[in-house]
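S.K.: build me a structure from this.
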Amino acid sequence: MFLVCFYALCPCFGSKKDGSDDPVLGRDANSLNSYEMRSISDRIPASPLQVPASPSRFSLSSPQSRNEPLNLNLKQVIKLTRNFAPDLMIGEGYFGKVYRAQLPDGHIVAIKRAKKEHFVSLRAEFSNEIALLKKIEHRNLVQLVGYIDQRNERIVITEYVSNGTLREHLDGQRGIILGFSQRLEIAIDIAHGLTYLHLYAEKPIIHRDVRSSNILLTKSFRAKVADFGFARTGPTEPDQSQVETGVRGTAGYADPEYLSTNHLTIKSDVFSYGVLLLEILSGRRPIEVQRSVRERITVRWAFEKFNRGDVKEIMDPMLTESVNEDILNKTFGVAFQCVAPTRADRPAMKEVAERLWKIRRIMQKNNAEHK
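M.R.: I've put the predicted structure just below:
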């Protein structure tokens, strides 16, 4: 059913509405088994906070500058978490429970402990996440602090990101409504993080599980991409454009070509990002199971409205501020290019970030002129 829903989208993308003056860039589902509906039921109110400008480069630090993960032992972790006390638990996902803890030097960390029932089955995901986190460093990616891999315990320790998940904010669980400029800035941050993975990491890295509950926000609403359990190294040879691998991901975000062929490329992340961008703008999950059949698949529902020129009807109803329609057209145009059914028609993440950055500059200029 999941595949049918996505392939039903293909015909409608053949006649895309041109939502900007810029040239086109780059000319829970049964098939996903246990990880299909792992999204946290995570929506928030908007504040007029000003957002800082994005950096002018994507690769913000050298892998050689990274410190090695802390050498923490299980006894220390048990002490830090007061034997994994329930009042220190800040979240729970497929892998396990996450606890907040304070290191002796005062730094706050997140400690993710594997569930016993998934201990054996998650060995590959655990090893993969550790191996990749040790090699990456970017302000928009969650940083590894330490880890433990013992006979009966698997624990990942990362930096603590205090403002919850993006999905929680879109659900209104954090007490403020994200303004349009904040949403656009968050989208740019995510694009920068994925650009680093695709282009500037030691080897290309494909995240494979880009979704709103894997995006963490800081107090200043900067976004960090988290959860690298499904990530894997992409093609490294000049004549390679894809790798063949079993399907991993979350229903609603997965690249339909990857689902049907098992061929994974960095453009698979681009598709997931496009779905996420629509989610950021509309507040809707990729699959809205409680809605009518016509509105159930958010990408299809949003595209129909976009093609009719009803872009304001796609916007999250919790967002009450007025946004210039041309800005909306340009932003939605980027999202629909990302979810093009054919990979060749999707832009690279670096181009996506540049396009959104340009949209933000136009918006800031328009706002300045109206003051």
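
S.K.: which SS class is Lys112?
M.R.: Put simply, Lys112 is strand when judged by DSSP: H, G, I helix; E, B strand; the rest coil.

S.K.: that one pairs with what?
M.R.: Beta bridges link Lys112 to Val98, Val156, judged by DSSP bridges.

S.K.: that one and Val156 touch, don't they?
M.R.: Yes - look at Lys112 against Val156 with Cβ atoms under 8 Å: they come within range, at 4.5 Å. C-beta here means a position set from N, CA and C on the backbone, and glycine is covered the same way.

S.K.: buried residues of stretch 137-144, list them for me.
M.R.: 137-144 (16 or more other Cβ atoms under 10 Å).

S.K.: and it, end to end?
M.R.: The separation between the terminal residues of stretch 137-144, taken as Cα to Cα, to the nearest Å, is 9 Å.

S.K.: return the distance of Ala187 relative to Tyr253.
M.R.: Here Ala187 is placed at a distance of 15 Å from Tyr253 (Cβ to Cβ, to the nearest Å).

S.K.: how about the contacts made by Glu295?
M.R.: 288, 301 (Cβ atoms under 8 Å, 6 or more residues apart in numbering).

S.K.: let me see the confidence value for it.
M.R.: pLDDT recorded at Glu295 is 95.

S.K.: now do the one 5 residues further on
M.R.: According to the model's per-residue confidence, Arg300 sits at a pLDDT of 97.

S.K.: got it, and Leu133?
M.R.: We have a pLDDT of 88 for Leu133.

S.K.: returning to what we had before: just give me the closest of the buried residues of stretch 137-144 to Glu168.
M.R.: Here the nearest of these to Glu168, counting by Cβ to Cβ, is Val142; it sits at 15.8 Å.

S.K.: show me where the protein has helices.
M.R.: Along the chain, the stretches classed as helices by DSSP state H are 2-7, 74-80, 123-133, 166-170, 180-195, 256-261, 266-282, 293-296, 298-308, 325-338, 349-369.

S.K.: between those, which one is nearest to Glu202?
M.R.: helix 123-133 (9.8 Å).

S.K.: what helices and strands are in contact with the closest one?
M.R.: Using 3 or more Cβ pairs under 8 Å, 6 or more residues apart in numbering; DSSP states H and E, the elements in contact with helix 123-133 are strand 144-149, strand 154-159.

S.K.: which among those is found nearest to Gly96?
M.R.: strand 154-159 (8.1 Å).

S.K.: and that closest one, how far out from the chain's middle?
M.R.: Taking the mean of its C-alpha atoms, strand 154-159 sits 19 Å from the chain's own mean (Cα atoms, centre = their mean, to the nearest Å).

S.K.: quick one: mean pLDDT for that strand?
M.R.: 93.

S.K.: so what touches that strand?
M.R.: Contacts of strand 154-159 (Cβ under 8 Å, 6+ apart): 69-70, 72, 74, 77, 109-114, 119, 122-123, 126, 129-130, 133, 142-149, 226.

S.K.: before I go, just wanted to say thanks for your time.
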